[in-house]
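Enquirer: Any chance you can model this:
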Amino acid sequence: MPESWKRIHWGLFAIVSASFFLDGVLFTLVPATIYLIEGLVSEAPLIFAVNSLFFMLGALVLGWVGDVLGRRLGLITSLLIYTAGAVAFAAAFWAGALTLPIALATTSVINFGVGGEVGPAYSALAELTPPRRRGTALMLAANFWNVGAAILAAASLYYAELTGDPKTAVLYTFYTAIALALLVLAARLHVPESLRWLAARGRLAEAEALAKRYGVSLPQPQPQKSSLRGYWGRIALLAIAFTAQLITYNIAAYYVPYAPGFAYGAEFAPINVAVANLGAAAGAFLLLPLIDKSRKLSFTAAFAGGLATAIALAAVHGSSAWLYASVLFLNLVFSEWAWASISVLESELFPTAVRSTAVGLVTAGAWLANTGTVFLEGVVGVHLFLAMLVALWSMGLTSALWWHIRGVESAGRELEELA
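Expert: Numbering: from 1, shown residues only. Model (predicted):
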């Protein structure tokens with residue numbers, strides 16, 4: 001009989017959702033406030049690129065940690081790292097000592113921690129959620145990244161208008177993020193360890209005790225691969241699709257306002273971030289009827305819609321800001337569909353013993369490509385970036401169509417079947 005949704009599932013879903021909410025808050029801190037920091041706004045492309053590199057490193061290192069030490073310790077470690085980075089940045093800025101090297105170091109620590117969340121978080125939720133609701137749970141939890149990003153961008157705007165002082169607005173924004181991090185830490189200390197991870201590590205007695213405690217069934221242990229041999233094709237396909245989704249999301253939501261030739265100026269940055277992430281937040285709910293019926297259709301529809309709206313976004317740039325923001329909103333709806341589809345697939349298609357590492361590798365591959373893209377920001381300008389959006393969405397659609405034809409349908413199936 002299929003596993004039903006129980007109290008433990010709600011608890012884990014809430015904790016992981018809060019984690020992604022906080023990730024969106026922390027990731028958005030710098031793009032939403034740097035325009036207020038005199039002396040750093042001109043260095044935005046460099047800061048974003050170095051941050052992207054450290055996000056990639058965090059995904060690799062802490063993805064591996066999530067497989068070696070467990071999902072729970074992986075999540076706690078990542079939170080402690082990025083909270084420390086945010087505190088250090090705020091302290092240096094408050095003291096008037098925020099030089100470019102200190103800004104690079106502290107924001108990179110933040111991004112290292114946020115990047116490290118992905119593997120343990122996806123793995124923890126996928127390994128406990130009943131198969132019939134796994135897609136919905138993963139998609140809605142990850143969607144809280146967009147909610148957090150939109151709220152933080154709106155808070156930054158509010159603080160700037162409320163205080164009229166850029167320094168106070170930046171400090172208030174960082175204080176808000178730090179307070180939220182401490183709240184999430186209190187919740188995360190109570191996250192249960194993954195039953196499947198315990199079983200894969202040979203700790204069957206602990207897994208059985210937790211299963212009994214929470215009233216859930218423990219899947220029958222099956223021979224599991226402890227390496228990624230035979231799975232590199234899946235990693236490559238998902239990395240290509242995620243690269244397309246990630247770069248288009250970051251360009252459209254975060255980086256374009258700082259590119260030469262942007263029609264609406266750098267002061268449009270927090271509005272751009274807020275509108276983009278509101279569109280992404282809405283997108284998850286629009287995909288709900290489809291995600292647990294067919295991963296293949298979700299994947300393909302996401303990139304087809306993303307390509308169409310990217311073409312429209314390039315066409316309306318330079319017209320009214322309202323029209324540009326409206327098309328941006330629609331483009332990010334499909335961006336969320338793409339992210340959700342990829343996130344669910346990468347959480348399902350690998351063995352438990354190396355799942356967090358695999359998610360980290362997919363994430364790192366995409367963020368390595370993103371790093372190179374950001375370094376081009378101050379050189380290529382907005383028009384080439386908009387052309388890149390169209391090209392990347394086309395690349396993503398190609399990979400989605402390939403999976404639609406050749407891949408497996410994973411909706412509603414147990415993880416052990418898929419691995």
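
Enquirer: Let me know how buried residue 96 is, in neighbour terms.
Expert: 8 (other C-beta atoms under 10 Å). C-betas here are computed from N, CA, C, even on glycine.

Enquirer: Please disregard the earlier target; I meant residue 216.
Expert: 19.

Enquirer: so what's it up against?
Expert: Residue 216 makes contacts with 3, 6, 8, 9, 128, 195, as judged by C-beta atoms under 8 Å, 6 or more residues apart in numbering.

Enquirer: May I have the phi/psi pair for it?
Expert: phi -120, psi 160 (degrees, to the nearest 10).

Enquirer: ok, residue 387 - contacts?
Expert: Shown in contact with residue 387 (C-beta under 8 Å, 6+ apart): residue 314.

Enquirer: Which secondary structure state is assigned to it?
Expert: helix (DSSP: H, G, I helix; E, B strand; the rest coil).

Enquirer: farthest pair in the contacts of residue 216?
Expert: 6 and 195 (12.9 Å; C-beta to C-beta).

Enquirer: what about the two, which has more around it?
Expert: Looking at residue 6 and residue 195 with other C-beta under 10 Å, you find the greater number of neighbours at residue 195, namely 25 against 13.

Enquirer: Does the more buried one touch residue 210 like I think?
Expert: Yes: counting by C-beta atoms under 8 Å, residue 195 touches residue 210, with 5.7 Å between them.

Enquirer: could you point out where this structure is predicted with low confidence?
Expert: Applying pLDDT under 70 to the chain flags residues 1-3, 35, 220-225, 377-378, 419.

Enquirer: For it, just list every one of the strands.
Expert: Using DSSP state E, no strands are found in the chain.

Enquirer: circling back: now the contacts of residue 216 in TSV, with distance to residue 354?
Expert: As requested, the contacts of residue 216 are arranged in TSV below (distance: C-beta to C-beta, whole Å):
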residue	distance to residue 354
3	24
6	27
8	25
9	24
128	18
195	17
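
Enquirer: What about those, which are in helices?
Expert: In helices, judged by DSSP state H, the following of those are found: 8, 9, 128, 195.

Enquirer: How many residues are close by the first one?
Expert: This means residue 8. Residues lying near residue 8 (other C-beta under 10 Å) number 17.

Enquirer: Which residue lies closest in space to it, excluding its sequence neighbours?
Expert: In space, and not counting its chain neighbours, residue 8 is closest to residue 214: 4.0 Å by C-beta to C-beta, 6 or more residues apart in numbering.

Enquirer: list the contacts for that neighbour?
Expert: Neighbour list for residue 214: 6, 7, 8, 192 [criterion: C-beta under 8 Å, 6+ apart].

Enquirer: what about it, distance to residue 192?
Expert: Separation of residue 214 from residue 192 (C-beta to C-beta, to the nearest Å): 7 Å.

Enquirer: what sits in contact with each of these two?
Expert: Common neighbours of residue 214 and residue 192, using C-beta under 8 Å, 6+ apart, are residue 8.

Enquirer: Phi, psi for residue 260 please.
Expert: phi -60, psi 130.

Enquirer: What count of nearby residues applies to the residue nearest to it when sequence neighbours are not counted?
Expert: Closest residue in space to residue 260, ignoring its immediate chain neighbours: residue 381 at 4.3 Å, by C-beta to C-beta, 6+ apart. Neighbour count of residue 381, defined by other C-beta under 10 Å: 14.

Enquirer: sorry, back to before: dump the ones in helices among the contacts of residue 216 to TSV, plus distance to residue 333.
Expert: Converted to TSV, these look like this (distance: C-beta to C-beta, whole Å):
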residue	distance to residue 333
8	32
9	27
128	29
195	35
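
Enquirer: From these, pick the one nearest residue 70.
Expert: Checking the ones in helices among the contacts of residue 216 against residue 70 by C-beta to C-beta gives residue 195 as the nearest, at 11.3 Å.

Enquirer: Just list the residues touching that closest one, thanks.
Expert: Residue 195 makes contact with 127, 128, 207, 210, 211, 216, 218, 219, according to C-beta under 8 Å, 6+ apart.

Enquirer: and the two most separated of those?
Expert: 210 and 219 (13.0 Å).

Enquirer: where's residue 399 relative to residue 234, distance?
Expert: Distance from residue 399 to residue 234, by C-beta to C-beta: 11 Å.

Enquirer: which of the two has more neighbours?
Expert: With neighbours defined as other C-beta under 10 Å, residue 399 and residue 234 compare such that residue 399 has more, 23 against 19.
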